[in-house]
Structure formats: structure tokens, C-alpha cells
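Peer 1: okay, predicted coordinates and the sequence, questions at the end:
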Amino acid sequence: MAQQIPVDPEARADDPRRDAERDDETHAITGDVAYRRLVLVNVVFVGDPGAGDRGWVLVDAGVMGGKRAILSAAEARFGAGARPAAVVLTHGHFDHVGVLEDLAAEWDVPVYAHTLEQPYLDGSASYPTPDPSVGGGLLGRLSPLYPTSPVDVSGRLKLLPEDGSVPPLPGWRWLHTPGHAPGHISLWRAADRTLIAGDAFVTVAQESAYAVALQEPELHGPPMYLTIDWDAARNSVRTLAALEPERVITGHGRPLQGPEMRRALNALAADFDRVAVPKHGRFVEAPLRAGDGSAYRDER
């Protein structure tokens, strides 16, 4: 199985030289969208540099141990003591909510997420145990060790409006892109065709420690070991490819842009079953879904 669509490195959306000149501990992809990589996952900062207190939004909350890095980048980019207006979650997997409870309490901010992620964010349901048999690679084989227990931010949790708006992010829309998680969302700004895709697809082979270390740009389906509904994941990638984005930042890997990125994304959408879907696997044979409740039972 191919598992990836190669992408020319010239399609990278970040610019190391510009980042070094700015020196705010983030990598910018537009004037008001930047990210920081925390070990194996990206967190996204949306807001103009120097926006100040409540003038920006954090998308996802990284891994355990990442709090200091997030706070440091926020201060360097937005100003001393600058808290976000909100945290918006693409989904609630452990590497996207690692320090969510601590940050939400310290910042006193609302947390926005899709209604189908609520059980994972109010302490009532654990994610399914990952499937280590798919994708190969060290990180895939280690996946049963990853935390699946829910966080509890029920006192701060706000469900995203059904009309697709994102209250703390004027000009952005949320798109339901399930498959990797029942309530997975991506964020889309039509004005400049910027896409924050979360893990609907990624730009690195997240199952491989070697690939994660190198960060060579490639287009992949969602991380295999925790994708519980491959039919939904296929439809989500096709929905995002149809947008013809100009630039995209994913939960894992480098951001990409331009026609080369779109070529690869369209190729992934067209050939998703061959490239992205494992030949065999627990969730291939028995997908888990929100509709029948199976996504909220720990299938050990």
C-alpha cells in the first residue's frame, strides 16, 4: 500500500528565514495564522501579532508537558499575559488536549468543540483503544499505550453552533470532518482559502517515528491507529479537497500551500482507499460510529 502522496518541498507554507527574523517561537503561514510543533503535534495560533489579551484564539492544546511552550509562544507572539478569547478543538484525542484542562483554567476561557466530541470532553466516555496492527512504524505499534481517557472541561465547554460559525473566529467556518473522531472538525476561511485540517488528513506518516523526526512533506490520510470510521474519513478528505485550499496546516507535519499541495490533496481524495485505508485492521472490519453509540464504548 502506498500510504502517502509525495509533495515537492517547495510547497511548504512556512518560511524558516522569516520565522527567524520574527523570532516569536512560532512558524507563520499567514499574517494572522501561525503554529508551534510540540513533539509530535501542532497547535495553531490565530490572531495578529501583538493582538494582546483576548485578541487571539488557540486551536488545539497539544500534548502533556506542552503548557510552558504554549504559554511562551503566546507571550512572544501576542504580548505579556495575553490570554486567548477561546480554545477551539478540532477533536479531543490525547495529543490535542494534553494541557487543555490546565490552560482553560489558568486563562479562564471557553472551549469550543463539536457536539459529537462532548462525551470525550466532559469526562463521560473514553476513546477506543488504538489499533497497533495498522500502518507499521514505531509510533503505530506503541499506540495502545497512548491515553484514551476523557478530559473534563464541562464547566467551560461550548458546543459549536449548527450554522457553521465559529463565535471566537469571525470569518471562519467549521466543517464536520469525521472519521478520525466522531466530532472531528476542520476550520475554513474562504476569504484567503486557509484550511486548518486537524487530523482529517496529515502531511507526515504519523505512524513512523522516523518520518515524524524528518518531517518530509507528504500527503497522508488520518493517523491510522486511531481512525475509527474509514468511510467517513474518505468523505471528509473529499470534502476538504473540493474546497481547493490555498494553504493548509494539519495536526501533524508541515503546512503546505499552492498548486502542488492541491494536486497531492486531490490525488489523496481520488485514491483514498489505496493510499490511506489499511488492508486489514480492527476499525476497517468493524467501524465505530456515534450514531449507534459504539464510538463511545472502549472496545478493548
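Peer 2: In hand now; what should we look at? Numbers count the residues shown, from 1 in each chain.

Peer 1: and the residue nearest to Pro278 when sequence neighbours are not counted, what's its pLDDT?
Peer 2: Distances taken as CB to CB, 6 or more residues apart in numbering put Val134 closest to Pro278, at 4.0 Å, once the chain neighbours are dropped. C-beta coordinates here come from the backbone N, C-alpha and C atoms, glycine included. What the model reports as pLDDT for Val134 is 89.

Peer 1: gap between Ile109 and Ile185?
Peer 2: Wrong residue type there; residue 109 is Val, not Ile. Relative to Ile185, Val109 is positioned 18 Å away (criterion: CB to CB, to the nearest Å).

Peer 1: neighbour count for the two, which is higher?
Peer 2: Higher neighbour count among Val109 and Ile185: Ile185, with 30 against 20, using other CB atoms under 10 Å.

Peer 1: name whatever forms a beta bridge with that one.
Peer 2: Beta bridges link Ile185 to His176 when assigned by DSSP bridges.

Peer 1: let me see the contact set for it.
Peer 2: Counting by CB atoms under 8 Å, 6 or more residues apart in numbering, Ile185 touches 89-91, 113-114, 160, 174-177, 198.

Peer 1: likewise Arg37?
Peer 2: Arg37 makes contacts with His27, as judged by CB under 8 Å, 6+ apart.

Peer 1: dump the residue contacts of the closest residue to His184 other than its chain neighbours.
Peer 2: Once flanking residues are discounted, His184 sits nearest to His91: 4.4 Å by CB to CB, 6+ apart. The contact partners of His91, taken as CB under 8 Å, 6+ apart, are 113-114, 117, 120, 180-181, 183-185, 198-199.

Peer 1: how close does His91 sit to Asp108?
Peer 2: To Asp108, His91 is 23 Å away according to CB to CB.

Peer 1: ok, Pro144 next?
Peer 2: Between Pro144 and Asp108 the computed distance is 36 Å (CB to CB).

Peer 1: of these two, who's got more company?
Peer 2: Of the pair Pro144 and Asp108, Pro144 is the one with more neighbours under other CB under 10 Å, namely 13 against 8.

Peer 1: any idea how far the more buried one is from Gly52?
Peer 2: When CB to CB is the yardstick, Pro144 and Gly52 sit 43 Å from each other.

Peer 1: also Glu285?
Peer 2: Looking at Glu285 against Gly52, where the rule is CB to CB, the gap reads 51 Å.

Peer 1: Leu116: what secondary structure?
Peer 2: State at Leu116, reduced to three classes by DSSP: H, G, I helix; E, B strand; the rest coil: helix.

Peer 1: contacts only, for it.
Peer 2: Taking CB under 8 Å, 6+ apart as the criterion, Leu116 is in contact with 178, 182-183, 290.

Peer 1: how about the helices of the stretch 1-150 of the chain, start to end?
Peer 2: Read by DSSP state H, counting those that start in this stretch, the stretch 1-150 of the chain holds these helices, from start to end of the chain: 16-22, 67-78, 100-107, 118-121, 138-141.

Peer 1: quickly compare the ones you listed and say which is most buried.
Peer 2: When neighbours are counted by mean count of other CB atoms under 10 Å, the highest per-stretch mean among the helices of the stretch 1-150 of the chain falls to helix 118-121, a mean of 23.

Peer 1: check which helices and strands that one sits against.
Peer 2: Using 3 or more CB pairs under 8 Å, 6 or more residues apart in numbering; DSSP states H and E as the contact criterion, the secondary-structure elements in contact with helix 118-121 are strand 157-159.

Peer 1: quick one: residues in contact with the strand it packs on.
Peer 2: Contacts of strand 157-159 with the rest of the structure, by CB under 8 Å, 6+ apart, involve 86, 110-115, 118, 121-122, 167.

Peer 1: farthest-apart pair in these, please.
Peer 2: Spatially, the most separated pair among the contacts of strand 157-159 is Asp122 and Pro167, at 19.2 Å (CB to CB).

Peer 1: can you tell me the helix or strand for Leu288?
Peer 2: Here Leu288, judged by DSSP states H and E, is contained in no helix and no strand.

Peer 1: now tell me which helix or strand of this structure has the poorest mean pLDDT.
Peer 2: Counting by mean pLDDT, DSSP states H and E, the weakest-scoring helix or strand in the chain turns out to be helix 209-214, with a mean of 57.

Peer 1: report the next helix or strand after that helix in sequence order.
Peer 2: Of the helices and strands lying after helix 209-214 in sequence (DSSP H and E), the nearest is strand 218-219.
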